[in-house]
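> Sequence and predicted structure below; questions after.
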Amino acid sequence: QKSIQLKKRPVGTPTLEDFNQVDVAIPEPSEGEVLVRTVYISVDPYLRGRMNEGKSYVPPFQLNDVISSGVVGQVETSKSEHFSEGDVVIGTLGWQEYNLANEKTIRKIDHTQAPASAYLSILGMTGLTAYFGLLDIGKPQAGEMVVVSGAAGAVGSVVGQLAKIKGARVVGIVGSDEKANLIKNKFGFDEAINYKTENVGDALAKVCPNGIDVYFENVGGEIGDAVFPLLNNFARIPVCGAISAYNKSSADIGPRVQGYLIKTSSLMQGFTVGNYAPRFKEGADALAEWLKEGKLTYEETITEGFDHTIDAFLDLFKGANVGKAIVKVSDI
Ligand code: NDP
């Protein structure tokens, strides 16, 4: 079977040469383990951080070791009393066609309730990130102005819709006119700004004449900088990600923001979705209910074939995806 390993630690933007696709044996499960055939692999920007050396909130990948991320798969062989052949499961597993999983590290999903891929997107890690980051830290109120960057992506597209559910006005910042149209027409954003063709500060000032109450930060860099002068008093800034900085080899320095935060008594708080693990069920239930009621919708960019897994990951940094980037490896 095929397996993808980290060959060297990327310097700057990762390339195909940083990875090895190798052939390894399909392992045999021992007592308490199952063999899982990979169906869907989640490719995520945060994996870039795990390719660097050094401490973060998740340990770095080891060189010549398999890369891992969220995977939906189907049980091929079970040596666990909790799982049977054919069960569809989710867990953090390797970028391989088959994985051994300890029974304690995977859980069953019901793919008759929602498509299996949705457990990696709207009902999974990225949906929960939007839910907790926006509602717990951003706390949008009816009539407030919410701005979200990376707005056509997996997290951003859900943030905008949740802000609308709460009665806020929402502006999304994206990297193409197609994405601008998508977030307005499909996800119900009020306004969209294309940061590649517009001056973000000027455009924001125009569409947010009464200032900004919540800025959901996904990208950092100059796009984030443009928001601070427009903050209203007691604004909230959930800092979810800073993808524009992930491939930089030195510190990304911009305007100092302390003055803006003091002047407006604003709250800026970083978070990782893992902080909310004890409340995942609450979040997943709420997202599933809004999905059922038609108040939420979602997009996935599904790349077909295990051999394109690395390409799908590299595409995140080129903005090739709308909604959640997922690789389809096999059928259920
Ligand atoms: P996305 O689906 O949003 O994919 C990444 C998108 O980022 C691309 O499509 C691209 O869109 C945009 N992008 C890429 N490079 C740049 C750049 N240099 N400047 C601005 N935008 C860029 O990914 P996710 O929704 O999975 O993740 C969004 C953010 O949230 C990331 O920063 C990620 O690390 C973070 N995150 C944090 C979590 C947490 O627990 N804190 C959990 C999950 C995600 P475009 O065409 O618009 O440029």
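Nice, thanks for sending it over. Numbers count the residues shown, from 1 in each chain.
> how near is the residue nearest to the spatial centre of the chain to Ala288?
The centroid of the chain falls nearest to Thr126 when counting by Cα atoms, centre = their mean (4.2 Å). Separation of Thr126 from Ala288 (Cβ to Cβ, to the nearest Å) stands at 14 Å. Just so you know, the C-beta spots here come from the backbone N, C-alpha and C atoms, and that holds for glycine as well.
> For the residue nearest to the centre of the chain, give me its contacts.
44, 120, 154-155, 158, 324 (Cβ atoms under 8 Å, 6 or more residues apart in numbering).
> who are the neighbours in contact with the spatially closest residue to Cys240 that is not a sequence neighbour?
Take Cys240 and drop its neighbours on the chain: the residue closest to it by Cβ to Cβ, 6 or more residues apart in numbering is Gly133, 5.0 Å away. For Gly133, the contacting residues are 155, 159, 216, 238, 240, 271, 273, by Cβ under 8 Å, 6+ apart.
> Could you tell me which of the residues you listed are located in strands?
216, 238 (DSSP state E).
> What pLDDT is listed against Ala251?
pLDDT recorded at Ala251 is 87.
> for Ser149, that is, sorry about that
At Ser149, pLDDT is 98.
> Tell me what it is bridged to.
Applying DSSP bridges to Ser149 yields these beta-bridge partners: Ile173.
> Cross-check the contact I'm expecting between it and Val219.
Yes: the criterion here is Cβ atoms under 8 Å, and Ser149 meets it with Val219 at 4.3 Å.
> Please enumerate the shared neighbours of these two.
Ile173.
> Show me which of these two is the more surrounded one.
Per other Cβ atoms under 10 Å, whichever of Ser149 and Val219 has more neighbours is Ser149, with 31 against 25.
> what about the closest residue to Thr272 other than its chain neighbours, distance to Gly172?
Excluding the flanking residues, the one nearest Thr272 by Cβ to Cβ, 6+ apart is Tyr57, at 5.3 Å. Separation of Tyr57 from Gly172 (Cβ to Cβ): 26 Å.
> Between those two, which is the more surrounded one?
Using other Cβ under 10 Å, the more surrounded residue of Tyr57 and Gly172 is Gly172, with 29 against 11.
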